[in-house]
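[1] what's the 3D shape of this:
(chains A, B, C and D)
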2 protein chains.
Amino acid sequence: MAGQQPERKRQERGRRRMEQLADAAAEVFAETGYAKATTNAIAARAGVSPGTLYQFFTNKEAIAEALAQRYRTALQAAHDKAFDPGFATLPLAELIDRMIGPMIEVNVANPGFKALFNAADMPERLAAPTRQLHQAVVGRIAEVLAARAPGLPGESVRTTAVVATQIFGALLNTVVAAPEREREVWIAELKRALRGYLEPIIGA
Amino acid sequence: MAGQQPERKRQERGRRRMEQLADAAAEVFAETGYAKATTNAIAARAGVSPGTLYQFFTNKEAIAEALAQRYRTALQAAHDKAFDPGFATLPLAELIDRMIGPMIEVNVANPGFKALFNAADMPERLAAPTRQLHQAVVGRIAEVLAARAPGLPGESVRTTAVVATQIFGALLNTVVAAPEREREVWIAELKRALRGYLEPIIGA
DNA sequence: CGAAATTACGAGTGATCGCTCGCATTTGTC
DNA sequence: GACAAATGCGAGCGATCACTCGTAATTTCG
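    Just a heads-up that it's a prediction; the model follows:
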């Protein structure tokens, strides 16, 4: 649908600039939100002129799209680690441990991205794919739950999967926002919350 | 610091207009976020001209401030209902029931407000008081927890209170977003999650 | 009724910001 | 070195939007 532009040939220097600009944009977006962030501020943060920014990105949305690309790629990789089929037989506590690890890592490495792509002022075009990815995760969690609790009605499986991801997402924000040294405490609490919710439903 | 302007005398018609405008603003803000919402769109939604809007609100921020006022007043009332000292001796399940009821009601009645005043594009001046109110609630929950589990170290009390409110806040969004007829299901699940987290820590 | 205050209008103004364009500099290739 | 392509600059254009102002209609109150 939305066609890529021809993409002129980039030199090494150019590719570095694009990374710089994306990094700067991530900072500015995180600080002020998408709508309030100005492209001039992003260029300034990266230490280049506005014109230079537009050598590499066709418009403001394209910058956010590059970030979305980054984030989705990292998320996808984390998901693949988190949903290792070998985890199927682990006890609940350990299963939770293994699944949330990669998800926390990717969000700690990309602070603010989660909030950015859920914000109301983000163009729908950019928010939608991330939402879709999120839905897919809920689906895969539902599969795991169904496999572990065969007696649970399908509707409950879905509900439980949604709630578990909501709990995870909420505490993930706390974990990411916390200073490095407190992080382990919050992660432990996150696991406790998930166990407390899931154990009565699907057993240990 | 920020002084109120003299506030000219309002007639009945004027007070109705202000309500209309605030209602319209709540809708527009919810749809597009604070930064992207235009004052002309708000005026149009309320069925008046831009000039009329500025008869009643000095600027865009003042409109959001009126909404913040509304929301905080309603929240305060809900909190007072939720923290009835008579609840102190109730069993956990019932305590949760009584406490979350008013909080859910106020947020169902004001959909979008919670997200609006947590958004990154909202001026700090307007977001801060709501955050403060939120912190106060965490404090009061900590008191309740400490009273029910005297053996729990103070640090754990605080952590538990924070996590409980995070869980509540996350699922509150789901409850509010859900269509009327599904709401009870999600509320039940919210209670289950809170019980599952809290019971192992402070008992039933 | 008549005067004063309040409410209402909507085209217009000034500032902001996304983005462009002409031109200079650097890099890669022969 | 010579040429082309890529990178870099920053003043400024055009559009958008918060907000104003002159004026007109409505309400209040004696």
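[2] and stretch A:51-63, is it in reach of chain B?
    No - between stretch A:51-63 and chain B, judged by CB under 8 Å from any CB of the partner chain, nothing touches; the nearest distance is 12.8 Å. Bear in mind the C-beta positions are built from the backbone N, C-alpha and C, glycine included.
[3] What residues of that stretch count as buried?
    Buried residues in stretch A:51-63, defined by neighbour count with 16 or more other CB atoms under 10 Å in any protein chain shown: A:53, A:56-57, A:60-61, A:63.
[4] The closest residue to A:Ala43 other than its chain neighbours sits in which helix or strand?
    Distance criterion CB to CB, 6 or more residues apart in numbering or on different chains; nearest residue to A:Ala43, sequence neighbours excluded, is A:Leu53 at 4.3 Å. Taking DSSP states H and E as the criterion, A:Leu53 maps to helix A:50-56.
[5] name the helices or strands packed onto that helix?
    For helix A:50-56, the contact count by 3 or more CB pairs under 8 Å, 6 or more residues apart in numbering or on different chains; DSSP states H and E identifies helix A:12-32, helix A:39-46 as packing neighbours.
[6] want to throw these into TSV with mean neighbour count and mean pLDDT?
    Output for these, formatted as TSV (neighbours: other CB atoms under 10 Å in any protein chain shown; pLDDT from 0 to 100):
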stretch	mean neighbour count	mean pLDDT
helix A:12-32	17	97
helix A:39-46	18	98
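[7] DNA strand C is nearest to which of the ones you listed?
    Closest of these to DNA strand C is helix A:39-46, at 3.8 Å (criterion: CB to the nearest atom of the strand).
[8] now the angle from the closest one to helix A:12-32?
    Here helix A:39-46 runs at 120 degrees with respect to helix A:12-32, directions being taken by axes from the mean of the first three to the mean of the last three CA atoms, to 10 degrees.
[9] and of the helices and strands packed on helix A:50-56, who's closest to B:Ala24?
    helix A:12-32 (25.5 Å; CB to CB).
[10] about what we covered before: how far away is the residue nearest to A:Ala43 from DNA strand D?
    A:Leu53 is 8 Å from DNA strand D, where distance means CB to the nearest atom of the strand, to the nearest Å.
[11] ok so, going back, quick check: what element follows the helix holding A:Leu53 along the chain?
    Counting by DSSP H and E, the next helix or strand C-terminal to helix A:50-56 is helix A:60-82.
[12] For that following helix, enumerate the helices and strands it packs against.
    Judged by 3+ CB pairs under 8 Å, 6+ apart, the packing partners of helix A:60-82 are helix A:12-32, helix A:39-46, helix A:92-109, helix A:113-116, helix A:124-148.
[13] okay if I get these as a markdown table plus distance to B:Ala37?
    As requested, the helices and strands packed on helix A:60-82 are exported to a markdown table (distance: least, CB to CB, whole Å):
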| stretch | distance to B:Ala37 |
| --- | --- |
| helix A:12-32 | 16 |
| helix A:39-46 | 21 |
| helix A:92-109 | 29 |
| helix A:113-116 | 19 |
| helix A:124-148 | 16 |
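[14] among the ones you listed, which is nearest DNA strand D?
    Proximity to DNA strand D (CB to the nearest atom of the strand) singles out helix A:12-32 among these, at 2.0 Å.
[15] How is chain A divided into domains?
    A:12-57, A:64-202 (automatic domain parsing).
[16] Just confirm yes or no for the first one near DNA strand C.
    Read it as domain A:12-57. Yes - residues of domain A:12-57 contacting DNA strand C under CB under 7 Å from any atom of the strand: A:12-13, A:36-40, A:50-51, A:54.
[17] Span of that domain from start to end?
    16 Å (CA to CA, to the nearest Å).
[18] So what's the gap between that domain and the chain middle?
    21 Å (CA atoms, centre = their mean, to the nearest Å).
[19] quick one, what contacts the residue nearest in space to the middle of chain A?
    Centroid-nearest residue in chain A: A:Lys114, 4.9 Å away (criterion: CA atoms, centre = their mean). A:Lys114 makes contact with A:107, A:169, A:172-173, A:176, according to CB atoms under 8 Å, 6 or more residues apart in numbering or on different chains.
[20] what do you get for A:Leu145?
    With CB under 8 Å, 6+ apart, A:Leu145 has these contacts: A:152, A:157, A:160-161, A:164, A:198, A:201-202.
[21] Low-confidence stretches in chain A?
    By pLDDT under 70, the low-scoring segments of chain A are A:1-6.
[22] Try it again at 50.
    Regions of chain A meeting the criterion pLDDT under 50 cover residues A:1-4.
[23] need the residues of it near DNA strand D, please.
    A:8-11, A:13-15, A:17, A:47-52, A:54-55.
[24] Closest one of those to B:Ala24?
    A:Pro50 (35.7 Å).
[25] How about the contacts made by the closest residue to the closest one other than its chain neighbours?
    Using CB to CB, 6+ apart and skipping residues adjacent in sequence, the residue nearest A:Pro50 is A:Ala43, 4.8 Å away. Applying CB under 8 Å, 6+ apart, one finds that A:Ala43 lies in contact with A:21, A:24, A:49-50, A:52-53.
[26] A:Leu171: neighbour count?
    For A:Leu171, the count of nearby residues is 25 (other CB atoms under 10 Å in any protein chain shown).
[27] Distance check, it against DNA strand D.
    Look at A:Leu171 and DNA strand D: by CB to the nearest atom of the strand, they are 35 Å apart.
[28] That residue is in contact with A:Trp186, isn't it?
    Yes - between A:Leu171 and A:Trp186 there is a contact under CB atoms under 8 Å: 6.7 Å.
[29] Quick check: neighbours shared by these two?
    Common neighbours of A:Leu171 and A:Trp186, using CB under 8 Å, 6+ apart, do not exist here.
[30] re earlier: specify which member of the residues of chain A next to DNA strand D is nearest to chain B.
    Nearest to chain B out of the residues of chain A next to DNA strand D is A:Pro50 (CB to the nearest CB; 20.3 Å).
[31] What about the closest one, how many residues nearby?
    13.
[32] ok, it - contacts?
    A:39-40, A:43.
[33] Please apply the same query to A:Ile167.
    Counted by CB under 8 Å, 6+ apart, A:Ile167 has contacts A:190, A:193-194, A:197, B:167, B:170-171, B:193.
[34] what does A:Arg10 give?
    Residues in contact with A:Arg10 (CB under 8 Å, 6+ apart) are A:Met18.
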